[in-house]
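K.L.:
Kindly return the folded structure for what I paste below:
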Amino acid sequence: MYQAAGLRGLDAYAEINNGQTGVSLGTNVTATFSEAMMSNTINTSTVQLYQKYWYLRKKKRKGKIRRVWTYRWVPVSASVSCDSSCTTATLDPTNPLVANTNYLAAVTTGAKDASGSALAQAKYWTFTTGTAPGSQQPKK
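P.N.:
Now for the predicted structure:
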């Protein structure tokens, strides 16, 4: 688990450093709230993880077609659970994270505390996984 920095909301903050690199491929994404949350609002709709997916697309400019690298954020299949007091939500990816890959985590305003108050705004942060065990970084 990686401690969060700078992601505090009115009632919650998420755990993992924004911009963290070298994150373990077996990491679960964890969000810690400053007070108990309604467990029925902590689910895959409110605690989400996306993988940055790069692809080539054709782009037409001045009558010429060229290939351009671009990306999109693809949802990662996962389960979400709360601890017994529902102050910590854990997103557990179905498969290990991919080595050397960017991820975007989010806690949406659908997450509500025990009195029904939602987060003031959604929280987003990114991180990058490290290399797979036993692999080497590419030589430059």
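K.L.:
What residues does the residue most central in space within the chain make contact with?
P.N.:
By Cα atoms, centre = their mean, the chain has its centre lying nearest to residue 105, at 1.7 Å. Neighbouring residues of residue 105 by Cβ atoms under 8 Å, 6 or more residues apart in numbering: 14, 16, 29, 48, 49, 50, 91, 124, 125, 126, 127. (Each C-beta comes from the backbone N, C-alpha and C, glycine too.)
K.L.:
Show me the shaky parts of the protein.
P.N.:
Counting by pLDDT under 70, the chain has low-confidence residues at 1-16, 134-140.
K.L.:
all strands for it, in order.
P.N.:
For the chain, the strands defined by DSSP state E cover 12-15, 20-23, 29-33, 47-61, 64-75, 78-82, 88-93, 102-107, 123-129.
K.L.:
Relative to the fifth one, what are the paired strands and their orientations?
P.N.:
Take DSSP bridges as the rule and strand 64-75 pairs in its sheet with strand 47-61 (antiparallel).
K.L.:
neighbours of the residue nearest to residue 104 when sequence neighbours are not counted, just the number please.
P.N.:
Nearest residue to residue 104, sequence neighbours excluded (Cβ to Cβ, 6 or more residues apart in numbering): residue 50, at 4.4 Å. Taking other Cβ atoms under 10 Å as the criterion, the count of residues near residue 50 is 17.
K.L.:
who does residue 50 bridge with?
P.N.:
Beta bridges link residue 50 to residue 75, residue 104, judged by DSSP bridges.
K.L.:
Determine which stretch of the strands of the chain is the most buried.
P.N.:
Scoring the strands of the chain by mean neighbour count under mean count of other Cβ atoms under 10 Å gives strand 29-33 as the most buried, with a mean of 23.
K.L.:
picking up where we left off before, what separation is there between the residue nearest to the centre of the chain and residue 112?
P.N.:
19 Å (Cβ to Cβ, to the nearest Å).
K.L.:
same thing with residue 83?
P.N.:
According to Cβ to Cβ, residue 83 stands 17 Å off from residue 112.
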